[in-house]
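Give me coordinates for this.
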Amino acid sequence: MDFVSPVLDIASRLWDCTAMRAVYIRELPENLNSLRTAMEDLKNVYEDVKEKVDREEKLQKKRTHGVDGWIQSVEAMEKEVNDLLAKGDEEIQKECLGTCCPKNCRASYKIGKMVRGKMDDVALKKTESPVIERPLDKTVGLDSLFDHVCMQLQDDTVGSVGLYGMGGVGKTTLLTRINNEFLKTRVVFDAVIWVTASRQANVEKVQQVLFNKLEIPKDKWEGSSEDERKEAIFNVLKTKKFVLLLDDIWEPLDLFAVGIPPVNDGSTSKVVFTTRFSTVCRDMGAKKGIKVKCLAWEEAFALFQTYVGEDTINSHPHIPKLAEIVVKECDGLPLALITIGRAMAGAKTPEEWEKKIQMLKNHPAKFPGMENHLFSCLAFSYDSLQDEAVKSCFLYCSLFPEDYEINCNDLVQLWIGEGLLDDYGDIKEAKNRGEEIIDSLKHACLLESVGREDRWSPATYVKMHDVIRDMTLWLARQNESKKQNKFVVIDKGELVKAHESFPRGFFTYMPIITVLDLSYLDKLIDLPMEIGKLFTLQYLNLSYTRIKKIPMELRNLTKLRCLILDGIFKLEIPSQTISGLPSLQLFSMMHFIDTRRDCRFLLEELEGLKCIEQISISLGSVPSILKLLNSHELQRCVRHLTLQWCEDMNLLHLLLPYLEKFNAKACSNLEDVTINLEKEVVHSTFPRHQYLYHLSEVKIVSCKNLMKLTFLIYAPNLKFLWIDNCGSLEEYFGLFSRLVLLYLLGLPKLRSICRWGLLFPSLKVMRVVQCPNLRKLSFDSNGISKNVEEICGKQEWWDDLEWEDQTIKHNLTPYFKPL
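A predicted model of the protein is given here:
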């Protein structure tokens, strides 16, 4: 029975081949072909990397240990794969029982399992293909910011980080450092991918870069649609733990449309990008937006010295001081420090430094490297601005002196006067658009918000970085030949000096001037009749001068749109002067010292102007106030109202639907400010509950009989509240969901802000002084602002406060600052 042995032998071998093992044997031919293809793909990546390494080494750059290790491991893997492919092919040839069963089942299973494992190794090695370390000079001043970004990336709840800041501030340098750091610790991620987006970036362009980086098979890419390319990228990345570094994004980029899997939903992958616009961080859904700021003084000087060289700095005792002057001109901007530092390297005499400093101050565009390297880089931000109107408004900001803090309200009024916002029909629309433009320039890091020490003023200010201003003046000169409009700026202090008036004929030399700002010329007491010849004038500001009388000839300025007469001691305005200004849209006469006089005639002339839209005025007599409050036309126009020394008034009914700012000072008999809802509505279409909807600032000072402020309950958008020296006030009510600044001073009878817990989600600063009976702060435990910066008061007052919830005290104590 010789046939029994072979049968039993075959049965024994088949018994060992379990269902799982049979899969390795059955799929061996297919897996061998897949392994052969995968190895060819890996070899192509290897050749690309090897070519890049050879190219970099010819530039005297040294390959990193990570790159060298990867190259050697691929070479070793290629040998292993070739040996395994040969064994697999040989095993397939050993067939028995037709083509159904290998001769040695165990050997085939073993080889099949090795082939399958090696396929996984090859695929992993391909995703580990290293990015060559990006060139990076020694960084200065980025350590703390780098550590902060790395800390955010280690947070599992933070999937994406946006780095924003002005051009040349070091965003790409920071991202490069992050890239190189990931290469050192690449065991954490399967892939680190760098994409330079640039200004022309779109989905298709970024997809193409990712195709080159991820080595997606060409047959799945060529001729495919955008959606198909998206799927190909998505299918590769969804199984990987990756870091995507996007440099220089100018507009929001839809990463999901590119094929990037979501990273803010518990994903372990990360996206980091740089941009010049804070709005891009918001629009791209960055979990963290981090501003890259200019360097502090010590860091700026250290960076400058790095590029100038210690030999140059120490070549003469006077040069370090001169170097400080140069660094100050750069205002902490790294690109400026590097550009100018390189230009100054080798300048080893004080005379050379002094000449270059004069050039830098007076003609910065002629300084070596400034125009081609620095200004051209910064100008990309200007080129990206929305339209010509925004660009003109931006260029206008360079007319202010270096480091000047620009009042935003004044700036918008000047833009209106210059005709830069003429596309908007009325003053309100133009002002709204002006505020939007300021915000857009801040978001583009072309203007900077100014945090003033006087945080009790609600006014907002911006400034222009010194180097941005130099660039802007350079741009303005570049555009001079294209535009007829030109601005003339004269130092107002030099304009009048010891004189009390202008030289005769002064205004005859400016027949087409549109803006004349003479504010704060405190020696100026006379305005010549010649001003009536400035027929094209649209904006006139005489605030805080000592002018005694407005010349009657002012009525000849038929195109005048803005007239600002704030803070003038005693000003005579001849009858029929204001009524002769048919184009007047904005009139302001605030902080007017002589307010007790009867202003009814002035109000009547304003009431008769067809174009008037916004009035800001100080009044001090009851007849004037009644005239204002009984005129529907004036009620519609009043934006800022100040009442001073109105001793005969004990109750004020505010019915000013568009009022934005209200002040009351030294109204000694005033007991309450309220709204009479039963009184006839100014406009039948105006909702009753929105009478004071626009009111954002209230200041009440020295109203000794004031007991109530009922009107505050009708001001839902109040942002600034200042109550000072009102000895009879016991409590007040309000809706303070948008209140930012609260100042309570000299209120001995004040017992509470409100009878119930309030939400203060926007509050930043609170000051309480000489309010001994204010024992409770009406804070709701759920409504404490996350924006709180400080609460000021006497330590004993704070210690004696009563708290319904100790959690509130615990949360607020870190912000308390004793006076």
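
mind checking the SS state of Leu163?
strand (DSSP: H, G, I helix; E, B strand; the rest coil).

for it, what are its contacts?
Val149, Lys171, Leu174, Leu175, Val272, Phe273, Thr274, Thr275, Ile290, Val292 (CB atoms under 8 Å, 6 or more residues apart in numbering). (Glycine included, C-beta is placed from N, CA and C.)

If you drop the residues flanking it in sequence, what lies closest to the third one?
With CB to CB, 6 or more residues apart in numbering as the criterion, Leu174 has its nearest non-adjacent residue at 5.6 Å, and that residue is Leu142.

Where does pLDDT dip in the stretch 251-400 of the chain?
265 (pLDDT under 70).

can you give me the helices for it?
255-258, 278-283, 297-308, 310-313, 319-330, 334-344, 350-362, 376-383, 388-397 (DSSP state H, counting those that start in this stretch).

circling back: which one of the contacts of Leu163 is nearest Leu378?
Lys171 (13.2 Å; CB to CB).

Phi, psi for that closest one please.
phi -70, psi -50 (degrees, to the nearest 10).

how near is the closest residue to it other than its chain neighbours to Leu560?
Nearest non-adjacent residue to Lys171, counting by CB to CB, 6+ apart: Thr274, 4.0 Å away. Thr274 is 47 Å from Leu560, where distance means CB to CB, to the nearest Å.

go on, Ser198?
For Ser198, the distance to Leu560 - CB to CB - is 47 Å.

same deal with Ala300?
From Ala300 to Leu560 the distance is 46 Å (CB to CB).

Same check on Thr173?
Thr173 is 51 Å from Leu560, by CB to CB.

So the two - more neighbours on which side?
The residue with more neighbours, out of Thr173 and Leu560, is Leu560; 26 against 20, by other CB atoms under 10 Å.

OK, contacts around that one?
Leu537, Gln538, Tyr539, Leu540, Leu554, Leu581, Ser583, Leu584 are the contacts of Leu560 under CB under 8 Å, 6+ apart.

Make TSV out of these and add secondary structure, pLDDT and neighbour count.
Output for the contacts of Leu560, formatted as TSV (DSSP: H, G, I helix; E, B strand; the rest coil; pLDDT from 0 to 100; neighbours: other CB atoms under 10 Å):
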residue	secondary structure	pLDDT	neighbour count
Leu537	coil	94	26
Gln538	coil	94	21
Tyr539	strand	94	22
Leu540	strand	96	24
Leu554	helix	95	22
Leu581	coil	97	24
Ser583	coil	95	15
Leu584	coil	96	23
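
The helix or strand where Ile71 lies packs against which elements?
Using DSSP states H and E, Ile71 sits in helix 65-93. Judged by 3 or more CB pairs under 8 Å, 6 or more residues apart in numbering; DSSP states H and E, helix 65-93 is in contact with helix 28-58, helix 105-127.

ok, now with 10 Å
helix 28-58, strand 101-102, helix 105-127, helix 171-184 (3 or more CB pairs under 10 Å, 6 or more residues apart in numbering; DSSP states H and E).

Quick one: the contacts of Leu560 as TSV, columns for distance to Tyr815 too.
Below are those laid out as TSV (distance: CB to CB, whole Å):
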residue	distance to Tyr815
Leu537	49
Gln538	46
Tyr539	42
Leu540	44
Leu554	51
Leu581	49
Ser583	49
Leu584	46
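
Select from the helices and strands packed on helix 65-93 the stretch with the lowest mean pLDDT.
Lowest mean pLDDT within the helices and strands packed on helix 65-93: strand 101-102, at a mean of 50.

What ranges does the stretch 151-300 of the chain have for its strands?
All strands of the stretch 151-300 of the chain, identified by DSSP state E, counting those that start in this stretch, fall at 160-164, 191-198, 242-249, 270-275, 288-291.

a strand runs through Leu524, doesn't it?
No. Using three-state DSSP, the secondary structure at Leu524 is coil, not a strand.

Skipping adjacent residues, who's closest to it in space?
Thr545 (4.5 Å).

Three-state assignment for that neighbour, please.
Quick answer, by three-state DSSP: Thr545 is coil.

Let me see the contact set for it.
By CB atoms under 10 Å, 6 or more residues apart in numbering, the residues touching Thr545 are 496, 518-527, 565, 567-569, 571.

List just the nearest of these to Ser752.
Gly567 (36.2 Å).

Helix, strand, or coil at that closest one?
Strictly by three-state DSSP, Gly567 counts as coil.

where do the strands sit along the stretch 351-500 of the chain?
So, for the stretch 351-500 of the chain - with DSSP E, counting those that start in this stretch - the strands run 406-407, 448-449, 461-463.

so what secondary structure elements neighbour the second one?
Counting by 3+ CB pairs under 10 Å, 6+ apart, the packing neighbours recorded for strand 448-449 are helix 427-443, strand 461-463.

For the last one, which strands pair with it and how are they oriented?
In the sheet containing strand 461-463, the strands it pairs with under DSSP bridges are strand 406-407 (antiparallel), strand 448-449 (antiparallel).

Centre of the chain to that strand, how far?
13 Å (CA atoms, centre = their mean, to the nearest Å).

ok, back up a step: got the contact list for the residue nearest to Lys171?
For Thr274, the contacting residues are 161-165, 169-175, 196-197, 245-249, 280-281, 292, by CB under 10 Å, 6+ apart.

Next, the angle from the helix holding Ile71 to helix 28-58.
Angle, helix 65-93 to helix 28-58, by axes from the mean of the first three to the mean of the last three CA atoms, to 10 degrees: 160 degrees.

what about helix 65-93, average pLDDT?
What helix 65-93 shows for mean pLDDT is 74.

Quickly compare the strands paired with strand 461-463 and say which is most buried.
For those, average neighbour numbers computed from mean count of other CB atoms under 10 Å are highest in strand 406-407, which has a mean of 18.

contacts for that strand?
Contacts for strand 406-407 (CB under 10 Å, 6+ apart): 397, 399-400, 413-414, 438, 447, 450, 459-464.

Out of the residues you listed, show me where the pLDDT dips lowest.
Ranking the contacts of strand 406-407 by pLDDT, Ala459 lands last with 81.

What separation do you get for that one and Val638?
Ala459 is 19 Å from Val638, by CB to CB.

if you count what's nearby, which of those two comes out ahead?
Applying other CB under 10 Å to Ala459 and Val638 shows that Val638 carries more neighbours, namely 23 against 12.

Bridged to that one, which residues?
Applying DSSP bridges, one finds that Val638 bridges with Ile615.

show me what contacts the nearest residue to Val765 once chain neighbours are set aside?
The shortest distance from Val765 to any non-neighbouring residue, by CB to CB, 6+ apart, is to Leu741 (5.2 Å). Residues in contact with Leu741 (CB under 10 Å, 6+ apart) are 455-458, 697, 719-722, 762-767.

Cross those residues against helices and list the overlap.
Here DSSP state H is the test, and the contacts of Leu741 give no hits in helices at all.

Pull out the buried members of those.
Among the contacts of Leu741, those classed as buried by 16 or more other CB atoms under 10 Å are Glu697, Lys719, Phe720, Leu721, Trp722, Ser762, Leu763, Lys764, Val765, Met766, Arg767.

my read: the first one touches Leu742, true?
The reference is to Glu697. No. In this structure, Glu697 is not within contact of Leu742 by CB atoms under 10 Å, at 12.0 Å.
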